[in-house]
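Participant: turn this into a model:
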Amino acid sequence: MDLIVNSKQTAQQPMRNGFTLIEVMIVVAIVGILAAVAYPSYTSYLVRSNRSVATAHLLDIATRQQQYRLDARTFGSLSDIGMGTPSEVSKHYAVSVDGTPTATAFTIKAVPTGSQLSQDTKCGTLSINQAGTKSISGSGSVADCWGGR
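Facilitator: Numbers count the residues shown, from 1 in each chain. You can find the predicted model right below:
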């Protein structure tokens, strides 16, 4: 009886701790596939988010221009209307009044800079004028780039 018990004990394999190389490689492959899908989506989200902040800022400037015109009977520069560019916009866009505003016209533009310039070729420079006409310099559509605003 003792021989049978002893032979069973030696025939048992000790418990394994850790992972095999195959298991690790499968996990690495799965993580790689997820990263390959997630990273482009994430960068696209960042570009759209930066553009959305810039369009909101341009609309705010256009509104302030209209308010300034009611008082001064002319459109003004960004300093005239008391508008600066917030850091979340200035990191990705250079915002300026295109040309000199007159009593009847202004155009405000946001030119992409840095990574926004290279990643947002679809929309490019965003602009809006006194009539509320929105435009872009890229190959996309105005509705897509301005987000339905």
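Participant: use CA for all of it now, contacts and neighbours both
Facilitator: Noted.
Participant: isn't Lys109 right up against Gln130?
Facilitator: No: Lys109 lies out of contact with Gln130 (Cα atoms under 8 Å); the separation is 12.0 Å.
Participant: neighbour count for those two, which is higher?
Facilitator: A count of neighbours by other Cα atoms under 10 Å puts Lys109 above the other of Lys109 and Gln130, at 22 against 17.
Participant: that one sits in which helix or strand?
Facilitator: strand 107-112 (DSSP states H and E).
Participant: quick one: name whatever helix or strand follows that strand.
Facilitator: Downstream of strand 107-112, the next assigned helix or strand under DSSP H and E is helix 114-119.
Participant: pairing partners for the strand holding Lys109, with directions?
Facilitator: Using DSSP bridges, the strands paired with strand 107-112 are strand 93-97 (antiparallel), strand 126-129 (antiparallel).
Participant: following the longest helix seen in the chain, which helix or strand comes up?
Facilitator: The longest helix of the chain (DSSP state H) is helix 21-72. Counting by DSSP H and E, the next helix or strand C-terminal to helix 21-72 is helix 87-90.
Participant: list the buried residues in that following helix.
Facilitator: Val89, Ser90 (16 or more other Cα atoms under 10 Å).
Participant: show me the contact partners of it.
Facilitator: Contacts with helix 87-90, where a contact means Cα atoms under 8 Å, 6 or more residues apart in numbering, come from Asn50, Val53, Ala54, His57.
Participant: drop anything exposed from those residues.
Facilitator: Asn50, Ala54, His57.
Participant: give the contact list for the second one.
Facilitator: Looking back up the chat, that one is Ala54. So Ala54 contacts Val89, Tyr93, Ala110 (Cα under 8 Å, 6+ apart).
Participant: what confidence value was assigned to it?
Facilitator: Note for Ala54: predicted pLDDT of 97.
Participant: and for Gly18?
Facilitator: pLDDT for Gly18: 83.
Participant: picking that back up, ranking the strands paired with strand 107-112 by burial, who's on top?
Facilitator: The highest mean neighbour count among the strands paired with strand 107-112, using mean count of other Cα atoms under 10 Å, belongs to strand 126-129: a mean of 22.
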